[in-house]
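**Q** Sharing a model prediction with you, sequence too.
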Amino acid sequence: MERAVDNRSSGPSATRGNLEEMLAANRAFMAERRLQAMPDAPTRKLAVLTCMDSRLTGLWNEALGLQRGDAMVLRNAGNTVAASDDVLRSLAVAVYAKGVEEIVVLGHSDCGMTKIQASAFIDAMSRAGVSRDAIPSIDFREWLGAFAREEDNVRDTVRAIRESGLFSPDVQVHGLLLYVETGEVRAVQ
Ligand SMILES: [Zn+2]
C-alpha cells in the first residue's frame, strides 16, 4: 500500500505510528549491533533516581560519565519518593540484592513538577472522564508530589531516603542537580 505522505523525517504520523517506527528502528538496530553480555549487578555499585523528563534521556548518564551496566536507574515524575513507597522498595532491592553502596538523587532545572497546578490537573482528569472516586481527594498535592524548587526537592528526597530507616549509614546518598540547558551538574548540599 502506498503512503500519500512520508513523514518519517518529521516524526510519527497517522500512517506511520510510534509503534511501527520503534519496531522498524529495532530491525535496523539488530542489523547493526551485537550487544555484549554483562552482569546484572551494577559495576559501579550505584543507583540513580532521576526524573522522567524526556530531555534527560541520552543526557543524564553521559553528563555523569556513566555507561550501560554502571548504575541501576529509577525515573519518575520529579525524582521524588513523595507519596510512593515504590522508590524505596526499588532502592532496597538495589542495595540488598544487587550490591549497591551509593545512591544519587539527580534533579534537573526547568522540572515540569514545579509548574503543575493541582486544580488544573484534577480538572484535566475530570474532563477526560476519570471517575471522581479514582481521583485522590485527600492530600492531592502530596499524591502528585509537586514542588516549588528543584534544589529543595533534591534535598528533601535525599533526606527522605536517609530517614526511611531502610539503609545503614554506610550507604551514601548524594544530591545532584543537572542543568538541562547546558548539561552542567552541581552538587546539592
Ligand atoms: Zn523533571
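**A** Yep, it's here.
**Q** can I assume Pro39 is in contact with Gly69?
**A** Yes: in this structure Pro39 lies within contact range of Gly69 using Cβ atoms under 8 Å: 7.3 Å. (Each C-beta comes from the backbone N, C-alpha and C, glycine too.)
**Q** More neighbours: the two, which one.
**A** Gly69 (13 against 9; other Cβ atoms under 10 Å).
**Q** OK, contacts around the residue nearest to the spatial centre of the chain?
**A** With distances taken as Cα atoms, centre = their mean, Arg75 lies nearest the centre of the chain, 2.0 Å away. Contact partners of Arg75, counting by Cβ atoms under 8 Å, 6 or more residues apart in numbering, are Leu49, Thr50, Cys51, Met52, Leu56.
**Q** For this protein, which residues are neighbours of the ion?
**A** Contacts of the chain with the ion, taken as Cβ under 5 Å from the ion, map to Cys51, Asp53, Cys111.
**Q** rerun that using 6 Å as the cut-off
**A** Cys51, Asp53, Gly78, His108, Cys111, Gly112, Met113 (Cβ under 6 Å from the ion).
**Q** Quick check: PyMOL command selecting the buried ones in these.
**A** Buried residues within the residues of the chain next to the ion, by 16 or more other Cβ atoms under 10 Å, are selected in PyMOL with:
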select buried, resi 51+53+78+108+111+113
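**Q** Report all helices and strands that the helix or strand where Leu106 lies contacts.
**A** Here Leu106 sits within strand 102-108, counting by DSSP states H and E. Judged by 3 or more Cβ pairs under 8 Å, 6 or more residues apart in numbering; DSSP states H and E, the packing partners of strand 102-108 are strand 46-51, helix 86-98, helix 150-162, strand 172-178.
**Q** Which neighbouring elements make contact with the shortest one?
**A** For strand 46-51, the elements it packs on are helix 60-63, strand 71-76, helix 86-98, strand 102-108, judged by 3+ Cβ pairs under 8 Å, 6+ apart.
**Q** Then the third one?
**A** Secondary-structure packing of helix 150-162 (3+ Cβ pairs under 8 Å, 6+ apart): strand 102-108, strand 172-178.
**Q** Tell me which of these sits most buried.
**A** Most buried of the helices and strands packed on helix 150-162 by mean neighbour count (mean count of other Cβ atoms under 10 Å) is strand 102-108; its value is a mean of 24.
**Q** If you compare the directions of that strand and helix 86-98, what angle comes out?
**A** 150 degrees (axes from the mean of the first three to the mean of the last three Cα atoms, to 10 degrees).
**Q** Poorly predicted segments of the chain, please.
**A** 1-16, 83, 138 (pLDDT under 70).
**Q** Domain map for it?
**A** Domains of the chain are assigned by automatic domain parsing as 1-34, 46-187.
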